[in-house]
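coordinates only, sequence not included:
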């Protein structure tokens, strides 16, 4: 099984997300110590990192065939998740800088990559089931 596309996409997403946060938006960021929409921000970062890392491992093992079948979308999802975990370890939270219209919150490129990756997988799997 050749996973080259998946690995390349993971590395590319991590690199692009981290580089944009470092070079382009470092002065305009907020630090989200929680998860989506700052939920669970009262949890210590080390606990969130352990729980989220565990969730990623379970999700990967849950249906590895699904992930491998959708390598680029999977790389977008896992690359984004790892990049945000890296932020938690290095900065004590996820660095956000892109305002989300109408919601009053901010995201980062990894958040969008994660969402788009999952939507692509759902779309492709829905089409596959209905062919």
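Alright, I've got the coordinates. In this text the structure is predicted, and so the values were computed from the model without any measurement. Numbering: from 1, shown residues only.

A helix includes residue 126, no?
Yes - assessed with DSSP: H, G, I helix; E, B strand; the rest coil, residue 126 lies in a helix.

and it, how close does it get to residue 17?
27 Å (CB to CB, to the nearest Å). Every residue, glycine included, has its C-beta placed from N, CA and C.

for the two, indicate the residue with more neighbours.
residue 17 (25 against 9; other CB atoms under 10 Å).

tell me the mean pLDDT for whichever helix or strand that one is part of?
In this structure, residue 17 sits in helix 4-19 according to DSSP states H and E. The average pLDDT for helix 4-19 rounds to 95.

any buried residues in that helix, and which?
For helix 4-19, burial by neighbour count (16 or more other CB atoms under 10 Å) applies to 6, 9-10, 13-14, 16-18.

stretch 49-67 now?
Neighbour-count burial for stretch 49-67 flags 52, 67 (criterion: 16+ other CB under 10 Å).

closest one of the buried residues of helix 4-19 to residue 32?
Set against residue 32, the nearest of the buried residues of helix 4-19 by CB to CB is residue 17 (13.9 Å).

how about the strands in the protein?
Using DSSP state E, the strands found in the chain span residues 30-32, 94-96, 98-100, 105-107.

reformat these into CSV and put distance to residue 77 and mean pLDDT next to each item.
Listed next are those as CSV, based on distance: least, CB to CB, whole Å; pLDDT from 0 to 100:
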stretch, distance to residue 77, mean pLDDT
strand 30-32, 19, 87
strand 94-96, 16, 92
strand 98-100, 18, 86
strand 105-107, 15, 86
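
against which helices or strands is the helix or strand of the chain with the lowest mean pLDDT packed?
In the chain, the helix or strand scored least confidently by mean pLDDT, DSSP states H and E is helix 45-62, which has a mean of 82. With contacts taken as 3 or more CB pairs under 8 Å, 6 or more residues apart in numbering; DSSP states H and E, helix 45-62 sits against helix 71-91.

quick one: mean pLDDT for the helix it packs on?
Mean predicted confidence for helix 71-91 is 94.
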